[in-house]
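[1] below is the sequence, then the predicted model.
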Amino acid sequence: MRILGLDYGSKRIGVAVCDELGMTAQGLATITRKNRRHDLEEIAGFIRTYNVEKIVVGYPIRLDGTEGIQCEKVGKFASLLESIFSLPVIKWDETLSTKEAEEILIRANVARDKRKTIVDKLAASLILQGYLDHRKRSNRSQ
């Protein structure tokens, strides 16, 4: 089953997809947001290309465990995706995923301007990989 991972932001949406076995996530692209129609068309293209059966969207829970205004925006976006694409949409805790992605790129000596173009798809990949790893652990314990 192919799962699409999204890191939803106000300016960009990071996109990742898992392999057919649901083991590993790979960053695909960063969508520069223009308007809702454009954003959804871009996502629809990935869904078609990879025969996606589920979507995981990063859900930005605060460090203290509460939900802020960004959670409300992501929740609305997740509901929109579910209604338009008729696919299950999972909201997955993305706490510090973008910060972690930035740190990975810094450690890899990626130049600042290049980091800007790939940090969102790397964050989407980290979010999706976190979900996949959780599924594997849950399946083992059953």
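    Here it is on my side, so go on. Numbers count the residues shown, from 1 in each chain.
[2] C-alpha only now, for contacts and for neighbours.
    Will do.
[3] how close does the residue lying closest to Pro88 once chain neighbours are set aside sit to Glu41?
    In this structure, Pro88 finds its nearest non-sequential neighbour in Lys54, 5.2 Å apart by CA to CA, 6 or more residues apart in numbering. In this view, Lys54 and Glu41 are 17 Å apart by CA to CA, to the nearest Å.
[4] ok, the two, which is more surrounded?
    Legend: neighbour count by other CA atoms under 10 Å for Lys54 and Glu41, higher for Lys54 (18 against 11).
[5] just for the chain, where's the confidence low?
    The model of the chain has pLDDT under 70 over residues 96-98, 100, 140-142.
[6] so what sits opposite the residue nearest to Pro88 in the bridge?
    Applying DSSP bridges to Lys54 yields these beta-bridge partners: Ile3.
[7] OK, contacts around it?
    Arg2, Ile3, Leu4, Leu87, Pro88, Val89, Ile90 (CA atoms under 8 Å, 6 or more residues apart in numbering).
[8] Asn51 too?
    Shown in contact with Asn51 (CA under 8 Å, 6+ apart): Arg2.
[9] for Arg135, see how far away it is.
    Per CA to CA, Asn51 is found 20 Å from Arg135.
[10] buried stuff in stretch 103-123?
    The neighbour-count check on stretch 103-123 (16 or more other CA atoms under 10 Å) flags Leu105, Arg115, Thr117, Ile118, Val119, Asp120, Lys121, Leu122, Ala123 as buried.
[11] next, the fourth one: secondary structure please.
    In three-state terms, and counting by DSSP: H, G, I helix; E, B strand; the rest coil, Ile118 is helix.
[12] leaving out chain neighbours, which residue sits closest to it?
    Ile118's closest residue in space is Thr30 (CA to CA, 6+ apart), at 6.9 Å.
[13] now for the host helix or strand of the one you found, which elements pack on it?
    Following DSSP states H and E, one finds Thr30 within strand 25-32. The elements that strand 25-32 packs onto, with contact taken as 3 or more CA pairs under 8 Å, 6 or more residues apart in numbering; DSSP states H and E, are strand 12-18, helix 112-140.
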